[in-house]
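Peer 1: Quick one, structure for this:
(one chain, ligands or ions: 1)
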Amino acid sequence: DARDIGHPGSMDASQLQRRVVIHLDLDCFYAQVEAKRLGIDPSVPLAVQQWSGLIAVNYPARHRGVKRHLNVTEAKKLVPELVCVHVETIGDDEGGHVDAEAAEDDAHDVAGVGVGVPTAEKTDGTSHDKQSRKVSLRRYRRASWRVMSALADRCEHVERASIDEAYVDVTREVDAAVATANAAEIDEMVRDGVRRTGAVVPLTPSTSEHDRRLAIGAHVCAGIRASVLERTGFTMSGGIAHNKMLAKLASARNKPNRQTAVSRRAVTEMMESLPMRSIKGLGGKLGEKVEAALRRVFGEGS
Ligand code: DCP
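Peer 2: Next up, the predicted model:
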């Protein structure tokens, strides 16, 4: 059950800064689903194609220059042994209205019951005819619900944000750890959290209580990622911060299969290096207005 995490309007500044929020994002999601389904080793370069374009590229392929905007022919020129898996498609001949089937499939997924997929499994893309077939995302929806259900079993507050990402509020878990663990145990959690986590600006848990809470959150985040991996076989990247926006920015900083913390001190630094329009809500008209206003105040270079 997806819930909306936090209603910060009702919290004062010091409560807001005590929050520990994690953003979790599955790595190259469709590519992971296909590699697992087909039993292909994660080190093999693999991409998921829809008709002649790529919609997901795994990290071994990315490291060799394959990007989502390339088509299959261009990508194979770069990496001849690239495995291209076509998204599932369903044709009229296979019966049933596609949307109705997908909806029914989702209903089964929520209940945790898998359904058979009658579609032929093709991996070369050549026989997927755009005219007569429709794309089905049910493999990915099903995998997504498995991940969300693993998260829901492990965490108190989970909010599904999209097919491959979720927020988890671990404030209470951090509070409970601080309240019940002894000093040595807390030190161990903090050390473990710091060790497993990249940081935009290094955490200073010995001098900052906020950073100590983030480090414990990072320890929790590593545990959550490990349990999702164990339950589903999928790797996720994580971001740990005092709010959702920063947690989301953080999770993208060290991919794949890594996690990053953004402390209060790191915020200024991150904001300086961030294209403003990539912040949620500032991509459209509002962003244009804010940009224009900033230019009026600070001049053209801003
Ligand atoms: N997707 C798609 N078409 C796009 C972008 C994405 O069909 N233009 C699908 C395929 C992706 C999934 O959505 O696997 C999630 O998209 P992300 O943007 O999160 O990218 P990935 O999960 O593939 O990679 P990353 O590890 O960078 O998050």
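Peer 1: is the helix or strand in which residue 146 is found up against the ligand anywhere?
Peer 2: Here residue 146, judged by DSSP states H and E, is contained in helix 138-154. No - contact between helix 138-154 and the ligand is absent, the nearest approach being 7.2 Å (criterion: CB under 6 Å from any ligand atom). Every residue, glycine included, has its C-beta placed from N, CA and C.
Peer 1: got the angle between the next helix or strand after that helix and helix 138-154?
Peer 2: Scanning forward in sequence from helix 138-154, with DSSP H and E defining helices and strands, the next element found is strand 157-162. Strand 157-162 and helix 138-154 are oriented at 170 degrees to each other (axes from the mean of the first three to the mean of the last three CA atoms, to 10 degrees).
Peer 1: Give me the sheet partners of the next helix or strand after strand 157-162 and which way each runs.
Peer 2: Beyond strand 157-162 in the direction of the C-terminus, DSSP H and E gives the next helix or strand as strand 165-169. Based on DSSP bridges, the strands next to strand 165-169 in the sheet, each with its direction, are strand 21-26 (antiparallel), strand 157-162 (antiparallel).
Peer 1: what's the helix holding residue 146 packed up against?
Peer 2: The helices and strands touching helix 138-154, judged by 3 or more CB pairs under 8 Å, 6 or more residues apart in numbering; DSSP states H and E, are strand 21-26, helix 29-38, helix 98-110, strand 157-162, strand 165-169, helix 209-232.
Peer 1: Could you point out which of the ones you listed sits nearest the ligand?
Peer 2: The closest approach between the ligand and any of the helices and strands packed on helix 138-154, judged by CB to the nearest ligand atom, belongs to helix 29-38 at 3.6 Å.
Peer 1: Pull out the buried positions in the closest one.
Peer 2: Residues of helix 29-38 classed as buried under the neighbour-count rule (16 or more other CB atoms under 10 Å) are 29, 30, 31, 32, 33, 34, 35.
Peer 1: What is the distance between it and the centre of its chain?
Peer 2: Taking CA atoms, centre = their mean, to the nearest Å, one finds the center of helix 29-38 at 15 Å from the center of the full chain.
Peer 1: next one: stretch 168-182
Peer 2: Distance, centroid of stretch 168-182 to centroid of chain: 23 Å (CA atoms, centre = their mean).
Peer 1: If you average the pLDDT over that stretch, what comes out?
Peer 2: Average pLDDT, stretch 168-182: 96.
Peer 1: So which bits of that stretch are buried?
Peer 2: Quick answer for stretch 168-182 (16+ other CB under 10 Å): 168, 169, 170, 171, 173, 174, 177.
Peer 1: same thing with stretch 5-22?
Peer 2: Burial within stretch 5-22, assessed by neighbour count using 16+ other CB under 10 Å, is assigned to 5, 6, 19, 20, 21, 22.
Peer 1: Now render those as a markdown table, adding distance to the ligand and pLDDT.
Peer 2: Below are the buried residues of stretch 5-22 laid out as a markdown table (distance: CB to the nearest ligand atom, whole Å; pLDDT from 0 to 100):
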| residue | distance to the ligand | pLDDT |
| --- | --- | --- |
| 5 | 19 | 73 |
| 6 | 22 | 61 |
| 19 | 24 | 96 |
| 20 | 22 | 97 |
| 21 | 18 | 98 |
| 22 | 16 | 98 |
